[in-house]
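> I would like the atomic coordinates for the input below:
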Amino acid sequence: MTSMSPSMLDSADQGEQPDPRIVQLLHAARRPVLLAHNNPDADALGSALALALALRHHGAQPVVAFDQPGEVPDALRGLPGQELLHPGPADPAAPADWDLIVTLDAASPDRLGRWAELFDGDVPVVVIDHHRSNTGFGDLRWVLPQAPATAVLVHRLLPLLQVPLDPQIAKALYAGLATDTGNFRYGDADAHRMAADLMDGGVDPEQVMRPIYASHRWGWLTLLGNALGRAALDPEVIPGGLLSTAITLADRGELPREECYSVIGILTGSADADTVAVLTETGPGSWDVSLRSRGESEVGSVAVALGGGGHARAAGFSWTGEPEAALSTLVAQLRRNRPNADAAGAGAAGATGAAGAAGADAAGAAGAEPAGAAGAEPAGAAGAAAGGSESGRTAAQPPTQRPADSVEPAAAD
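Below you'll find the model as predicted:
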């Protein structure tokens, strides 16, 4: 098998309907394993659970799995089908009866953590994804960049698999669709039609989305206050302006990683900047950089250039080094992507306010940080927007291609 070796996507991989061989494999599978990317968001986990529930209609015994962080995020514990989750940590020594591997919402094998080791065997690998930065791995692929969510592709598979849309499948798909469209702010007419179909199938939007959008632990208020107090606005450093902040390990304390995701959505509400960047410390000297744009900047290509990936208006990358250097490099890349833009101001060198404050905070907190606090972060955990922090980059290192599979749950948006 050559599944681990990326290849270029061709037009057959990106059709509005899947390759018939994908449907045949799904029909025939008795013990499929469905893989979501590390730090799964609602689209990754919801799509995997929905497809697993659909395959169970055919008498299959599917398994849903992801590597990190090892447990379902709090906000997603209400999604149906979690009895199908693989118990315990990733175990690439696959049971002999697993007969199909399906990856969902993952743009590259490294976003699957240890589960990618399954690709070394003889089990066929099907890739279902909507990321333009998909590396073309797997034996059969259905990658539809124009789709706002991987949940859209799973929804289209249901009639092909002759599976009825029941309330459980509908709820899992609705969570993925709503989050990846920013609660339908970025969804086209087809997304709204699909939402209506899912509601007809039994979805109560408030019941499904409230845990994702409006459920935070008490400590989140302190984290949010610190992040907002550290925010810096530079209206001239790039066209449309840049608003940035940073979240340190000390800010997060014992909170789960997902509690950081809402910060960027709140900052995106500012009318004074087109582009928003949030740097989240994932370990000493390691940062996930999440990006949003109202449209002036195409942040997806910027993130790819810096070793990450994502979408035109929501993307991210990982960084190893000082946060000031991450922000300066980001600004320089944003300006390179608009070479004719006449941006005034001090340029990249001046765009380090929030990151500089974070660096000082992180350094000042280092002595007081409990030993091993960084180690509490799942080893190799990848931020939902940054596409992986297993190996970041410094200004002296070339970018390592790590396409982001998703952005933070749009509860953050």
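
> only C-alpha atoms for contact and neighbour calcs from this point on.
Fine.

> low-confidence ranges, the chain, go.
1-12, 94, 339-413 (pLDDT under 70).

> got a list of what Val278 touches?
Ser244, Thr245, Ala246, Ile247, Val263, Ile264, Val289, Ser290, Leu291 (Cα atoms under 8 Å, 6 or more residues apart in numbering).

> can you show me the strands along the stretch 101-250 of the chain?
Ranges of strands in the stretch 101-250 of the chain, per DSSP state E, counting those that start in this stretch, are 125-129, 140-143, 232-234, 242-247.

> can you add distance to Arg335 and mean neighbour count and give the ones you listed back as JSON lines?
Formatted as JSON lines, the strands of the stretch 101-250 of the chain follow (distance: least, Cα to Cα, whole Å; neighbours: other Cα atoms under 10 Å):
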{"stretch": "strand 125-129", "distance to Arg335": "30", "mean neighbour count": "27"}
{"stretch": "strand 140-143", "distance to Arg335": "30", "mean neighbour count": "26"}
{"stretch": "strand 232-234", "distance to Arg335": "14", "mean neighbour count": "19"}
{"stretch": "strand 242-247", "distance to Arg335": "11", "mean neighbour count": "27"}
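
> the ones you listed into a markdown table, with extra columns for distance to Ala29?
Putting the strands of the stretch 101-250 of the chain into a markdown table (distance: least, Cα to Cα, whole Å) gives the following:
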| stretch | distance to Ala29 |
| --- | --- |
| strand 125-129 | 12 |
| strand 140-143 | 15 |
| strand 232-234 | 52 |
| strand 242-247 | 44 |
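
> out of those strands, which comes closest to Trp218?
strand 242-247 (16.6 Å; Cα to Cα).

> partner strands of that closest one, with direction?
strand 232-234 (antiparallel), strand 275-283 (parallel) (DSSP bridges).

> to Ala149, which of these lies closest?
strand 275-283 (21.7 Å).

> the chain: helices as residue ranges?
Secondary structure of the chain (DSSP state H): helices at 20-28, 42-56, 150-160, 167-180, 189-200, 205-213, 220-230, 249-252, 262-268, 299-305, 323-336, 353-366.

> which of those sits closest to Leu144?
helix 150-160 (7.9 Å).

> just checking, what packs against the closest one?
If contacts are counted by 3 or more Cα pairs under 8 Å, 6 or more residues apart in numbering; DSSP states H and E, helix 150-160 sits against helix 42-56, strand 125-129, helix 167-180.

> tell me the angle the shortest one makes with helix 20-28.
Taking axes from the mean of the first three to the mean of the last three Cα atoms, to 10 degrees, one finds that strand 125-129 is oriented at 110 degrees with respect to helix 20-28.

> contacts for strand 125-129?
3, 22, 100-107, 119, 137-145, 150, 153.

> stretch 141-148 now?
Residues contacting stretch 141-148 (Cα under 8 Å, 6+ apart): 13-16, 18-19, 22, 126-132, 134, 153, 177, 180-181, 186-187, 191.

> Val33 against Ala96, yeah?
No - between Val33 and Ala96 there is no contact under Cα atoms under 8 Å: 11.9 Å.

> who has more neighbours out of the two?
Between Val33 and Ala96, counted using other Cα atoms under 10 Å, Val33 has the larger neighbour count: 25 against 8.

> roughly how far does the nearest residue to the more buried one once chain neighbours are set aside sit from Trp220?
Setting aside the residues directly before and after it, Val33 is nearest to Val63 in space (Cα to Cα, 6 or more residues apart in numbering), at 4.7 Å. Going from Val63 to Trp220 by Cα to Cα, to the nearest Å gives 33 Å.

> repeat for Arg336
Distance from Arg336 to Trp220, by Cα to Cα: 36 Å.

> so those two - more neighbours on which side?
Legend: neighbour count by other Cα under 10 Å for Arg336 and Trp220, higher for Trp220 (20 against 12).

> so what's that one up against?
Applying Cα under 8 Å, 6+ apart, the residues contacting Trp220 are Arg252, Leu255, Glu259, Cys260.

> could you do Gln17 as well?
Here Gln17 is in contact with Arg156 (Cα under 8 Å, 6+ apart).

> pop the domain breakdown of the protein in here.
20-213, 218-337 (the TED database).

> how many neighbours does Trp218 have?
Neighbours of Trp218 (other Cα under 10 Å): 9.

> what are the phi and psi values at Ala106?
phi -110, psi 120 (degrees, to the nearest 10).

> ok, it touching Pro40?
No - Ala106 is not in contact with Pro40 according to Cα under 8 Å; the separation is 9.6 Å.

> cool, thanks, talk later.
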